[in-house]
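**Q** Just a sequence and a predicted model for now, questions to come.
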Amino acid sequence: MSEETYNVVFTGEIIGGMDPEVAKQNFSNTFKVTGMRLDALFSGKPIILKKNIDYRDGMQFRGQLKRLGMISSLNPLGQADEAQQPSDLPAAPEPVLAADTAAAQKDDWSLAPVGSDMNQIKDARAPVSVDISQISVAPVGADILVEKKPVTVVDVDTSKLSIS
């Protein structure tokens, strides 16, 4: 009789109250994983950390991850097909030394010179011209929210009036 096998899957979920950076550091110290591979583990995508293991070993591994601050799941084989295998994770980048110019020339990446135009997409549409000749600017401290009506001064003759 064959025993059912499982995959231990980690989705980047951390135990509540624990700092994600502490969990990353714990995992890095325990399993000697650094750089881009470590960042990919905590990206939120499901990643199979152990595959084809029995239930007892899977639960032990989950317990070890829990002590590191990570929440994982134990999925029966075939249920985590959408999860990435550890080999699918990006490899740790090898440092390029200044003397190793041949390796540096193989890379697709480069830095543009200072002041160069980084916008590769050119828009074929002409810029829109907007008439702003009717717009004025209020002086500093002016009350622009209240519309004031002009007051006309009327000279009233009160010489013919009396209080009797």
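**A** Noted; the coordinates are in hand.
**Q** what residue lies at the spatial centre of the chain?
**A** Ser43 (10.1 Å; C-alpha atoms, centre = their mean).
**Q** How about it, nearest residue that isn't a chain neighbour?
**A** Gly12 (6.0 Å; C-beta to C-beta, 6 or more residues apart in numbering). For every residue, glycine as well, the C-beta is placed using N, CA and C.
**Q** So that neighbour, which state does it fall into?
**A** strand (DSSP: H, G, I helix; E, B strand; the rest coil).
**Q** Surely it is in contact with Leu49?
**A** No. Using C-beta atoms under 8 Å, Gly12 is not in contact with Leu49; the gap is 11.6 Å.
**Q** Compare these two (neighbour count), which wins?
**A** Leu49 (19 against 16; other C-beta atoms under 10 Å).
**Q** who's in contact with stretch 115-131?
**A** Residues from elsewhere that reach stretch 115-131 (C-beta atoms under 8 Å, 6 or more residues apart in numbering): Ala112.
**Q** what about that stretch, average pLDDT?
**A** With pLDDT averaged residue by residue, stretch 115-131 scores 73.
**Q** And it, end to end?
**A** Stretch 115-131 has an end-to-end distance of 32 Å (criterion: C-alpha to C-alpha, to the nearest Å).
**Q** And stretch 125-138, by the same measure?
**A** Where stretch 125-138 begins and where it ends lie 34 Å apart, using C-alpha to C-alpha.
**Q** any idea how far Gly12 is from Met36?
**A** Using C-beta to C-beta, to the nearest Å, we find Met36 at a distance of 15 Å from Gly12.
**Q** do Arg62 as well
**A** Here Arg62 is placed at a distance of 15 Å from Gly12 (C-beta to C-beta).
**Q** again with Ser72
**A** Ser72 sits 10 Å away from Gly12, going by C-beta to C-beta.
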